[in-house]
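Engineer: Compute the structure for the input listed below.
(chains A and B)
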Amino acid sequence: MINPTPATYEPAPLIEPGHTFGSITDKIAGVVIGGRTPLTWFVVVSIGLMVMGMLGLAVTYLLLKGVGIWGVNIPVGWGFAIINFVWWIGIGHAGTLISAILLLLKQGWRTSINRFAEGMTIFAVMCAGLFPLIHTGRPWLAAYWLFPYPNSMSIWPQFRSPLIWDVFAVSTYFTVSLLFWYVGLIPDLATLRDKAKKRPQQIIYGMLSLGWRGSARHWQRYEHIYLLLAGLSTPLVLSVHTVVSFDFAIGIIPGWHATIFPPYFVAGAIYAGFAMVLTLAIPLRKIYGMEDFITLRHLENMAKVTLVTGLIVAYGYISEAFFGFYSANKYEGFMIWNRMTGPYWYMYWTLIFCNILTPQWLWIRKVRTTPMLIFAVVMVVNVGMWLERFVIVVTSLHRDFLPSSWGMYYGTVWDWMTFVGTLGMFITLFFLFIRFLPMISIFEMRTMAPEAKLKESEGH
Amino acid sequence: MSVMDFSAIRSRLAGSEGRLYWRSLGELADTAQFREYLHREFPEQASQWNDPQGRRHFLKLMSASLALAGVSACTKQPPEKIVPYVRQPEDLVPGRPLFFATAIPFGGVAAPVLVESHEGHPTKVEGNPQHPASMGSTDTFTQASILTLYDPDRSQAVLYRGEFRGWGDFLSGVKNAVLDQQATRGAGLRFLSETITSPTALEQISLIQRAFPQAKWHHWDPAIRTADAVYHFDKADIVVTLDADFLGCGPASVRYSRDFAARRRAGADAEHNGAEGDAAKPMNRLYAIESTPSLTGAKADHRLPLRASEIEAAARALSGSGSGSFSNQDAQKFLDAVVKDLQAHRGTSLVVAGDYQPAAVHQLARALNQTLGNVGSTVTYAAAAPPENAEPVASLRELTQAMDAGQVQVLVILGSNPVFTAPADLKFAEKLSKVGLSIAHTTHPDETSSLCHWAVPEAHPLESWGDARAFDGTVTIMQPLIAPLYDGRTAIEVLAAFIDAQGGKSAHDLVRDYWTRAHAGQVAGWTITDPTGQPFKSADSMWRHVLHDGWVPGTGAQGSQGEGRGSTPAAVAAPGAAAPRTADNATPATGGLEIIFRPDPTIWDGRFANNGWLQELPKPLTKITWDPSAWIGLRTAEEHKLNDGDLIELKFRGNTATLPVAIVPGHPDGAVTAFFGYGRERTGRVGQPAEDVAKAFNAYRLRTSDALWFGSGLEISKVGRYTLARTQEHHLMEERNPVREANIEEYRKDPEVIAHLGEKPPRTLTLIPEWEYTGYKWGMSIDLTACTGCCTCTVACNAENNIPVVGKDQVNRGREIHWIRVDHYFSGMVDNPETFHQPVPCMQCENAPCELVCPVGATTHSAEGLNDMVYNRCVGTRYCSNNCPYKVRRFNFLLYQDWNTSSLEPLRNPDVTVRSRGVMEKCTYCVQRINYARIDAKREDRKIHDGEVVPACAAACPADAIVFGDLNDPESRVTRLKKLDRNYGLLEDLNTRPRTTYLASLRNPNPELETARPAATSHD
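Structural biologist: Numbers count the residues shown, from 1 in each chain, chains lettered A, B, ... in the order given. Sure, this is the predicted structure:
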């Protein structure tokens, strides 16, 4: 082993020194029980609720009038709704990756971020799930006709359609993510139950903790089921966005019909997801003073993942452009040329700026260890990933095969209200979660404490 | 194919303001529904309370109502009665339509039709296949007339100074006026109408003129020149037009398109598999010398764009009476070649002068035809030209002068709208106030009827008994399909009030009386025989026969009686005589631009402003809907720094109007074409301009009697921007060859030339065995050599398939619902491009990309190869539309169908589902017609015959470009057409295997004029 030179960068610790089991528990559980709710929480939740109200308004009007209130048309039959769907689903992926894959890879640093990252996944999938339903012409029928339920007419969904695969992929993803999250919460819910002073809290947390007593048998079963669920979740990280990418790749539209889509979408999803985890983590540790648990080490690790996945996404863009020209297919060639120089050129080049150029700052350690700079970079990436879906959905459709049917697409005020509304819904749900559930896994954090290490070594 | 880059100057349309149509009708809808609702607020039998006998019954009902109150809750269903026929009408089988022959006059000239009637309400207009003027086809206006019938905004009652009156009141009003006139022998009695061809009405007019010798009849038609020639395009090898759009407009265009297209195809296919060709007849060649680009110019093998004022000089150059050489070298070369070609085809050539050219050009054309020996072979001239053709405004000017002088005591305006359409300098509206008693007979409340004392609602042709003559003179007796929906009267009934003071006779009696006398030989000029030449057994048998067939045999060829109104015959210059120069040409433009006037291609002179189908029908070449435009050429646009969608103010002879600019390649430089018809001040809810600025889009304001069709001295200035809603924004083929084309010579030399323009994947690409179509295998062939781009197919499809109108705003967002659209492409040079039209319905792909992606299986393949759409199953993901490479699927983004206007309910075809919000729809190959034929065939235990199923688009197509049939039948016409070498599939390189295929567009250019064309893009 080569000894690091003194100048070598020493990574920040995963937990700041000086913490004991007790201090960890008090710190994290204190947010939920006993502590004073910071003013910021009230401000954020009220804004979130207001914006969510806008979503309610937009969806109500949509149901009354029809999807014509949006900007969709012929040839651009999908617009904001599908862009937002893919964007939200993508965001969810980081949570699953952190909780499942990093667990299996025994990456200890995941401990302080997995809980709220999983929460983010669930809320993002909820936001995403709204769109495929409401974007249909007749959502009251789409709500159940897309599911294979037995009926007297023996009519089934059409299993060749990627939209049906989507239904299965997304519903499976949501179910597994929710179970995984809940199972992981059980020991902490029991902690909250035990620490709760008020009767209602004791009852509610008591019911939710399913009689957890922390016996060795409980722990053994817990470890089994958690590992199993991690195993189930792991393929989902890859499969869900692969299936979402099939929505496009199965189509024959130039710009959609590409074999690179599955890996490219998965990388994009993880990229977007880590960007969102960072977007949430950086203010959160500040507001709740969790800098001890979510340290610079975590931020830096996540920034590295962001950079790597960003490079994979960049590779995707480059190969897409390359194949456009190399395929000698006039439709493909025109498609990429139209993306770069057509009426939506600004979307494409902003996307390149956001998703390829901006994350390059993360090569610099100073940037990776300065929360404000990371935050700035990932906010740009969040925008860029939305633009990526816009470019894929809209610029492919708006000029496809026959020049006579070419058209333009512009989102309407209702499109924007629905999109921003889901941001409100996400923020509201997320901050409710912060307030009522431990945002960081208490028992897992305790394993990070020096005491735990001692006990481990004693045991050996 | 070279690509021209004029997209750079095209602006992108954006914005959301615009007109709402059916969608907002629910909000607007007032009367019927609202009144019904009010009625329902009260117990229905409440009026019986005052009737002592009914009171007990009422109390019984009341108690029952109370008992049932909880059941019916708040929304009580409106009462609907189902009453069986006491006597079943003969031939009426519920669920099966009946067809009746009648005619729908346009500009006074009959368009012979068969009208489909479902249980007493007409739903669809088809051409009369036996009639020489129709051959089964129609034009757009005739197709759309059914919507006008059910228009809720039609005039609904006789009005006197805006107050409701009865027909009897009107009759007594006329009686008094007539009594007054008897003293002066009718000196103050004037009539104003468009061309009238109705023999009954013409007899009435002569009776009126006998009773009132001083009375005068005036003629005014703002857009149609009364025809004085009949052309025989089937016999013409060389056709030269002088600003004539014989394919695009005019009452004869249907027959002309048919004949022209037949000769176009004839040469094309004669030597290849001999499908339809007549080897003896070569492909015709069309030279278009024209100002405003027209559908005829688009079809031409060679087109010479000239300003309208230069056409006369070109005509002179052709006839050799010009001043030597033409100013423009290219033009001179063009004209020289035309002269050569004409001389080589004596007796089989044809020179056609346009309606929008002055009498001098018509005389030159006539002289040319005479010299070339074409008269009698390719053209027949009427013995007497109508007087209005020499000076179209003379008659109207005389009337306005008399009005101004206070000499007009009674003015009867029949079926025209002179307040809106009269030349601006005549100031018709102003002078109308000086008339003692004015009577307007109009279908809709309009500018004229609102200023007249009496406004009499005009019955729709489908509600009327009447008669009219087709362009070739053939008489059709019009029979009503439905009793007048409102208090409408026909022109004959109005005229009868002036003859018979009692006014007791109905239109039916008047028409039948006339033809009974004609049969008996009591009316001069008619010898009525049955089709075999024998006299009819009785007047009754003649009447039945003629009504059934839709035309009076033997009336076409006679043609002597009453061409036009048949008043004083005009002195027509002897053939060959030097025609007088028109003033416009003598004094060349001193400055400014030239203005050219044209009637709007879809709403015509403004009369169809309230017809949503025509408003939403994309106008030829520009594909603009709902708005007029001023067309200018590319170079003129550059000079004036104008862009598409700029709003310009046009100043002409002291008058101003505003119009949005549309840059049209091929438009002559230094000229602006202004389309009139828009800017209506009084019209229904559809025609009403949504934006204030659009109220000034009235080109009639510029039109003066000395510049009826063109004039110089126009000044334009940009005043703003305006959003034009187009259904097609991109008119270049982008090297994708959606339209494949070749010259006839290239094609003869190498029939593979068409196939080389694309790439057809082999059928072996799939591992899955092909589906075997054991029964029928439906397919369609669309001949682009024949297609003129008239868009009749689109309107016919609207009518057949209950297609909603979505309004300007929705069109602007790309949401029109036309199941068959007519794409338009330019290629070649910017100043004078080649133009192509391509109707695009659903291709009914065998490998349909749409079917694969629907999550609920709402679009599936039928065993006969149709790509079926199951509306009830559709949840509206729109994935199918995204995945359709042809983008022929249409989506109900909002509730486009008008469920509220009750007058539109009987319009709908009961055989076709009325689609609601959130559902995808598209062309079905008119599956309802296939099923009708299938039922008939099964009942008779046979297969469906070839030609038995004709989709609405194919039936309506004047050029016979669309052919439908069974591909499993080796003898069917469509199978034979698909074997031609010029058959190709649109985007067939995608391996969708479209069932609808195209026959490539062929042209027959003159080798002398052939510029070196860049080789067509091809695949190796």
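
Engineer: what about the nearest residue to residue B:1007 once chain neighbours are set aside, helix or strand, and which?
Structural biologist: Nearest residue to residue B:1007, sequence neighbours excluded (Cβ to Cβ, 6 or more residues apart in numbering or on different chains): residue B:745, at 7.7 Å. Every residue, glycine included, has its C-beta placed from N, CA and C. Assessed by DSSP states H and E, residue B:745 sits inside helix B:744-749.

Engineer: ok, now which ones touch residue B:763?
Structural biologist: Residues near residue B:763 by Cβ atoms under 8 Å, 6 or more residues apart in numbering or on different chains: residue B:770.

Engineer: What does the pLDDT read for it?
Structural biologist: Note on residue B:763: pLDDT of 79.

Engineer: And for residue A:12?
Structural biologist: 69.

Engineer: got any ranges where the stretch 301-450 of chain A has weak pLDDT?
Structural biologist: Within the stretch 301-450 of chain A, no range satisfies pLDDT under 70.

Engineer: which residues in it form helices?
Structural biologist: If DSSP state H, counting those that start in this stretch is used as the criterion, the helices of the stretch 301-450 of chain A fall at A:330-341, A:345-352, A:365-368, A:371-390, A:396-398, A:413-436, A:442-448, A:450-459.

Engineer: And the stretch 101-250 of chain A, by the same measure?
Structural biologist: Secondary structure of the stretch 101-250 of chain A (DSSP H, counting those that start in this stretch): helices at A:102-104, A:111-134, A:139-145, A:162-195, A:199-208, A:216-249.

Engineer: Relative to residue B:284, how far out is residue B:262?
Structural biologist: With the distance defined as Cβ to Cβ, to the nearest Å, residue B:262 ends up 9 Å from residue B:284.

Engineer: Residue 298 sits in which helix or strand?
Structural biologist: Going with chain A. Here residue A:298 is assigned to helix A:296-326, by DSSP H and E.

Engineer: nope, chain B
Structural biologist: Counting by DSSP H and E, residue B:298 is part of helix B:295-299.

Engineer: For that helix, output the C-alpha coordinates as PDB.
Structural biologist: This file holds the C-alpha atoms of helix B:295-299, laid out as PDB (Å, rounded to 0.1, in the frame of the first residue of the first chain):
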ATOM      1  CA  LEU B 295     -55.300  25.700 -59.000                       C
ATOM      2  CA  THR B 296     -55.200  25.700 -62.800                       C
ATOM      3  CA  GLY B 297     -51.800  27.400 -62.800                       C
ATOM      4  CA  ALA B 298     -50.700  24.800 -60.300                       C
ATOM      5  CA  LYS B 299     -51.700  22.000 -62.600                       C
END
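
Engineer: quick revisit: from the helices of the stretch 101-250 of chain A, which stretch is densest packed?
Structural biologist: helix A:111-134 (a mean of 24; mean count of other Cβ atoms under 10 Å in any protein chain shown).

Engineer: Packing partners of it?
Structural biologist: Under the contact criterion of 3 or more Cβ pairs under 8 Å, 6 or more residues apart in numbering or on different chains; DSSP states H and E, helix A:111-134 touches helix A:39-65, helix A:80-96, helix A:139-145, helix A:162-195, helix A:261-287, helix A:296-326, helix A:413-436, helix A:442-448.

Engineer: Whichever residue of chain B sits closest to chain A: neighbour count?
Structural biologist: Residue nearest to chain A within chain B (Cβ to the nearest Cβ): residue B:876, separated by 2.0 Å. By other Cβ atoms under 10 Å in any protein chain shown, the residues close to residue B:876 number 26.
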